[in-house]
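**Q** here's a sequence, model it:
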Amino acid sequence: MSKVKIIAEAGNCHEGDLNIAIRMIKKAHQCGADYVKFQAIRPENLLSTEVSEDRLTQLKKWELSEGDIDTLLEVGSDIGCPVFFSVFDISTVHFLKSKTGIFKISSGDNQFWPLIIEA
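**A** As a prediction, this is how the structure comes out:
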């Protein structure tokens, strides 16, 4: 029988701070997690142009840069606790596809067929 895999849900609790995100990976691994999942959000691809500038600014604070994502993937790989991401847009899938084979599609996107097919 295969072992159940434990996924630590980090989401966007790092609030855009790479050092916090790295600590989250290490702590999750120390607690026995097999994987850590973050959210890869690109607010400009996620929100309607009719959304207030305040909401866009708030979400931008939680955004991880491509360099940050690369660092998190490397940290997870180095300690044996792979990192993967919830994805919300096709351009993020394109960026991540060569870096990880695991994605999470949110339940809100369960009918977003272009995203599902691309992932």
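
**Q** what residues does residue 71 make contact with?
**A** Each residue near residue 71 by CB atoms under 8 Å, 6 or more residues apart in numbering is listed here: 18, 22. Bear in mind the C-beta positions are built from the backbone N, C-alpha and C, glycine included.

**Q** can you check the one 4 residues further on too?
**A** Shown in contact with residue 75 (CB under 8 Å, 6+ apart): 22, 25-26, 83.

**Q** which of the residues you listed fall in strands?
**A** residue 83 (DSSP state E).

**Q** for the least confident helix or strand in the chain by mean pLDDT, buried residues please.
**A** When each helix and strand of the chain is scored by mean pLDDT, DSSP states H and E, helix 43-46 comes last, with a mean of 73. Within helix 43-46, the residues scored as buried using 16 or more other CB atoms under 10 Å are residue 43.

**Q** which helix or strand contains residue 58?
**A** Applying DSSP states H and E as the criterion places residue 58 in helix 53-60.

**Q** quick one: low-confidence parts of this structure?
**A** For the chain, applying pLDDT under 70 flags the ranges 47-49.

**Q** hmm, residue 119 and residue 112 touching each other?
**A** No. Assessed by CB atoms under 8 Å, residue 112 is found out of contact with residue 119, at 9.8 Å.

**Q** quick check: which element contains residue 71?
**A** Here residue 71, judged by DSSP H and E, is contained in helix 66-79.
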